[in-house]
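K.L.:
No sequence on hand, only this structure:
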């Protein structure tokens, strides 16, 4: 039976400047690129029902290896039939490797050639993540796209330290590939992660070495960790030329609508970020008329809908005054409404980019869209 | 135009023993009784979209005067077009008088003949609630059913103290009625609240005096504040005979499914309680096979749906293992799923009671239902 499933594969459809329109085919469905993956950290996109994530237009979502290995545990998820069944999401799922979270969230960690020993941020229990264990966990979860285990350091950092982590990540990429061949199922794919901070020569070396491994996709990691928008764009520009055009390119953990537009303009195909839901919980709405801070007192008696141009029902149904009240009161419904609106906005933004690329007017679209959505209200 | 709206009125349809089937007609729709009112404390039933509350089967919901007067403020809600528009609920709304919350939530309060001076639990700001101000607020909110201002004391208490508060509440009932005539709109109704603790003679006096005011409905207040199920039932039995059969009877703040069944058996028509949503947030599911504590480790690998017999889509869609994980992880979706399931369960329980009364088999239904739902899992 499994032989009849479509294999993993990326098809470039058309290009407009450097912006790419494409499709990633997986056994669980097709991902239209450029794609934004909502983040379902612990097997839920925060404050959304899975039906809402699908209706928003998402083809794929991301889940976090670090969180899920600690709770409920990868072996448990496997016994329960895998992550898709567990969280009621039948489309593709990408899991990260845990490399980023183990550095940003866990306590007392020790990095060796073997991997990272750390303590859980939940209960202090001791764990080990290595390339082999990371891939084993991602396979137990049933991830359609799996990420190599890498070391992700905080920027700014000394070049020597960035180089050391990048070289270690290269060795871990090879081990990840061998582990993937052992643990993964047909139709699943392993992506490599280009590291090297904001140093072009390190990025180039990382990219070239990874391309030598002939993986089905490549991510740009280690950005969105404090380097700023300009440095991110510069790093992208110095890295992307060394990645093959026939494979999807994924910019990890990014970003703002502006980040997405500028990155797509340079040839990125995939993104993930907690921003739509996290900013929603904090009272921010992404709208086609700009960003709204609903906590702001000026919205207290504003009966205007959140976004009359938004495709999310909640964007048109609920008034700014009501959501202001809900957010000020710390009510669930405030987070539910804004997370839903923002998740939908991000998908509409990607759909807008795909349409503009298809029509060969990405540059004009990007100019107009930036002018509309960069307003703060 | 307003003259053409249906007036407020209660129609008893049939009776089975003391259990009553009826209808309350309001300009905003008909309330099928016995009815359970979901609680929308600060203008939202916690963790539910208003569409879900309606789909669960609720004809009416309750909102809290105390909370809404502090935030967003009654005058503000009025300027925004009233509570129904504000929270997107076009059915009837009942507001309490603030009497209960001002005692249980606010800080530094001074009770005089005039009313209660208190400080907000949110920001310490000073406020005054009197019968006149309570009714004015409820009218500004646009409540279809308004409650008299009363003093609600904690039980157990000395009989002398219970009597003093009851007598004060009687005088406040008269003032509430005069204020209602001044502030309310056509089609709205004012209910009196019987007080008197668990003392039958005080309850009788309170009921008889209030009936003398010829109000369109009567509530039994001051229960569900620590007296226990048996004392509550005994108090009901000694109070209900003094309330007119042609008016709705509302037991405030109650309660468990057992409380509801036993109270309907004695002639109560209306209820409200935070239990479906609060217990949901704490990991409890009311199901047709008993109460589940989803935090319990025994559910960690249980792929059974929460309630295969439940009418809520979430009761059939999500596994116990997944909701266990969500609740343990403190995720929004856990509270969203269980609040939705429990709100639906309570409405199904009331629908079951109404059907059983209509068919003249309430007693049998009650026996069977209690045996099913009192199990703990």
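P.N.:
In hand now; what should we look at? All figures in this text were calculated on a predicted structure; none of them were measured in a lab. Residues are numbered from 1 along each chain as shown, chains lettered A, B, ... in the order given.
K.L.:
Chain B contacts on the stretch 51-200 of chain A?
P.N.:
Proximity of the stretch 51-200 of chain A to chain B is confined to A:71-72, A:76, A:79-81, A:86-88 under the rule CB under 8 Å from any CB of the partner chain. Heads up, the C-betas are built off the backbone N, CA and C, glycines and all.
K.L.:
again, 10 Å this time
P.N.:
Neighbours of chain B within the stretch 51-200 of chain A, by CB under 10 Å from any CB of the partner chain: A:51, A:67-68, A:70-73, A:76-77, A:79-81, A:85-88, A:122.
K.L.:
out of these, which are inside helices?
P.N.:
Here DSSP state H is the test, and those give A:51, A:67-68, A:70, A:76-77, A:79, A:85-87 as lying in helices.
K.L.:
Quick one: which of those is the most crowded by neighbours?
P.N.:
Using other CB atoms under 10 Å in any protein chain shown as the neighbour test, those are led by residue A:68, with 28 neighbours.
K.L.:
Distance check, residue A:334 against chain B.
P.N.:
Using CB to the nearest CB, to the nearest Å, residue A:334 is found at 8 Å from chain B.
K.L.:
so which helix or strand takes in that residue?
P.N.:
In the assignment (DSSP states H and E), residue A:334 maps to helix A:332-358.
K.L.:
relative to helix B:332-358, how tilted is that helix?
P.N.:
120 degrees (axes from the mean of the first three to the mean of the last three CA atoms, to 10 degrees).
K.L.:
Now do the buried residues in helix A:332-358.
P.N.:
Within helix A:332-358, the residues that count as buried by 16 or more other CB atoms under 10 Å in any protein chain shown are A:332-350, A:352-354, A:356-357.
K.L.:
for stretch A:205-218, same thing?
P.N.:
Buried-residue list, stretch A:205-218, by 16+ other CB under 10 Å: A:205-207, A:209-211, A:215-218.
K.L.:
Then stretch A:68-75?
P.N.:
Within stretch A:68-75, the residues scored as buried using 16+ other CB under 10 Å are A:68-70, A:72, A:74.
K.L.:
And stretch A:223-237, by the same measure?
P.N.:
Quick answer for stretch A:223-237 (16+ other CB under 10 Å): A:223-225, A:227, A:232-233, A:235-236.
K.L.:
So for those, which is the shakiest by pLDDT?
P.N.:
Minimum pLDDT across these is recorded for residue A:225, with 70.
K.L.:
who touches it in this structure?
P.N.:
Contacts of residue A:225 were listed using CB atoms under 10 Å, 6 or more residues apart in numbering or on different chains, and they are A:100, A:103-104, A:152-157, A:197, A:232, A:252-253.
K.L.:
at 8 Å instead, please
P.N.:
Contacts for residue A:225 were tallied using CB atoms under 8 Å, 6 or more residues apart in numbering or on different chains; they are A:152, A:154-155, A:253.
K.L.:
With residue A:242 instead?
P.N.:
Counting by CB under 8 Å, 6+ apart, residue A:242 has contacts A:203-204, A:207-208, A:211.
K.L.:
per-residue pLDDT, it?
P.N.:
98.
K.L.:
And the nearest residue to it once chain neighbours are set aside, how far from residue A:15?
P.N.:
Nearest in space to residue A:242, with sequence neighbours left out and distances taken as CB to CB, 6 or more residues apart in numbering or on different chains, is residue A:207 at 3.7 Å. Using CB to CB, to the nearest Å, we find residue A:207 at a distance of 20 Å from residue A:15.
K.L.:
same check, this time on residue A:355
P.N.:
From residue A:355 to residue A:15 the distance is 15 Å (CB to CB).
K.L.:
Could I get the full set of strands for the stretch 101-250 of chain A?
P.N.:
Here the stretch 101-250 of chain A has its strands, by DSSP state E, counting those that start in this stretch, at A:107-111, A:116-119, A:126-129, A:145-147, A:189-194, A:217-220, A:249-251.
K.L.:
Would you enumerate the residues in contact with the residue in the stretch 201-350 of chain A that chain B sits nearest to?
P.N.:
Here the stretch 201-350 of chain A gets closest to chain B at one residue, residue A:332, 4.0 Å apart by CB to the nearest CB. By CB under 8 Å, 6+ apart, the contact set of residue A:332 is A:47, B:44, B:46-47, B:332, B:335-336.
K.L.:
and residue A:221, how many residues sit next to it?
P.N.:
Using other CB under 10 Å: residue A:221 sits among 29 other residues.
K.L.:
got a pLDDT number for the closest residue to it other than its chain neighbours?
P.N.:
Using CB to CB, 6+ apart and skipping residues adjacent in sequence, the residue nearest residue A:221 is residue A:193, 4.0 Å away. pLDDT for residue A:193: 98.
K.L.:
roughly how far apart are residue A:193 and residue A:98?
P.N.:
Applying CB to CB, the value for residue A:193 to residue A:98 is 12 Å.
K.L.:
on that earlier part again, which one of the contacts of residue A:225 is nearest residue B:286?
P.N.:
Closest to residue B:286 out of the contacts of residue A:225 is residue A:253 (40.4 Å), distances taken as CB to CB.
K.L.:
how about JSON lines for the contacts of residue A:332, with distance to residue A:144 and pLDDT added?
P.N.:
Converted to JSON lines, these look like this (distance: CB to CB, whole Å; pLDDT from 0 to 100):
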{"residue": "A:47", "distance to residue A:144": "24", "pLDDT": "98"}
{"residue": "B:44", "distance to residue A:144": "37", "pLDDT": "98"}
{"residue": "B:46", "distance to residue A:144": "35", "pLDDT": "98"}
{"residue": "B:47", "distance to residue A:144": "31", "pLDDT": "98"}
{"residue": "B:332", "distance to residue A:144": "25", "pLDDT": "98"}
{"residue": "B:335", "distance to residue A:144": "29", "pLDDT": "98"}
{"residue": "B:336", "distance to residue A:144": "26", "pLDDT": "98"}
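K.L.:
In CSV, list those along with distance to residue A:131.
P.N.:
Output for the contacts of residue A:332, formatted as CSV (distance: CB to CB, whole Å):
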residue, distance to residue A:131
A:47, 34
B:44, 47
B:46, 44
B:47, 40
B:332, 33
B:335, 37
B:336, 37
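K.L.:
Quickly name whichever of those residues is closest to residue A:34.
P.N.:
So of the contacts of residue A:332, ranked by how close each gets to residue A:34 (CB to CB), first place is residue A:47, at 24.8 Å.
K.L.:
can I assume the closest one is in contact with residue A:276?
P.N.:
No - Residue A:47 is beyond contact range of residue A:276, at 10.5 Å (criterion: CB atoms under 8 Å).
K.L.:
any idea how far residue B:8 is from the residue of chain A most remote from its centre?
P.N.:
In chain A, the residue that sits farthest from the middle, by CA atoms, centre = their mean, is residue A:301; the gap is 36.0 Å. From residue A:301 over to residue B:8 the distance is 30 Å, taken as CB to CB.
K.L.:
I'm done for today, thanks for sticking with me.
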